[in-house]
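> Pasting the sequence and the predicted model now:
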Amino acid sequence: MTSTPPESQDLFAIAELAREFGISTRAIRFYESKGLLSPERVGATRIFRKRDRARLILILRGKRLGFTLRDISDYLSLYDADRAQQVNLLADKVDERLALLERQRDDLETTIRELREIKQLAQERLQKAG
DNA sequence: ATTCTAACA
DNA sequence: TGTTAGTA
């Protein structure tokens, strides 16, 4: 058997990850500058491992769901510490996000009704006039 | 060719 | 975050 090689092929260059996830290398460096990623270094060059790749996936998913990098950072930080607290934080953030989206949806519906009303009144005026 | 930092948009 | 400049 091949006893666990210290470090196998779970190495990635910044350009590889950028290509794989359709983001810029600049974005990846930006996430690192915000503390969301902490790749190893060989000199000044970043070496990403599976762990970093997994975190990047979580970062992108979080962004897609509308969370801020701060939210995502707070969440990721708890992975190594309180797994339980991490779940609680996630639940709170999801509720918060859901509440905001529902509020925005209500506002949007109100605005849509208002615009339809205006359109309706405008059409009625045209008919009376014409 | 590839990455890095820094600075400006 | 995008882009650009000057490197290692």
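Great, that's in hand.
> Export stretch A:26-35 to PDB, keeping only CA atoms.
Written as PDB, here are the backbone C-alpha positions of stretch A:26-35 (Å, rounded to 0.1, in the frame of the first residue of the first chain):
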ATOM      1  CA  ARG A  26      -7.700  39.000  -8.400                       C
ATOM      2  CA  ALA A  27     -10.900  38.000  -6.700                       C
ATOM      3  CA  ILE A  28      -9.200  35.000  -5.100                       C
ATOM      4  CA  ARG A  29      -6.400  37.300  -3.800                       C
ATOM      5  CA  PHE A  30      -9.000  39.700  -2.600                       C
ATOM      6  CA  TYR A  31     -10.700  36.900  -0.500                       C
ATOM      7  CA  GLU A  32      -7.400  36.100   1.000                       C
ATOM      8  CA  SER A  33      -6.800  39.700   1.900                       C
ATOM      9  CA  LYS A  34     -10.100  39.600   3.700                       C
ATOM     10  CA  GLY A  35      -9.000  36.500   5.600                       C
END
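> buried stuff in that stretch?
Neighbour counts over stretch A:26-35 (16 or more other Cβ atoms under 10 Å) mark A:27-28, A:31-32 as buried. Bear in mind the C-beta positions are built from the backbone N, C-alpha and C, glycine included.
> Could you list the residues in contact with it?
A:14, A:17-18, A:37-39, A:46, A:56, A:59, A:69, A:73 (Cβ atoms under 8 Å, 6 or more residues apart in numbering).
> Can you flag which of those residues belong to strands?
A:R46 (DSSP state E).
> restrict the buried residues of stretch A:26-35 to those near DNA strand C?
A:27, A:31 (Cβ under 7 Å from any atom of the strand).
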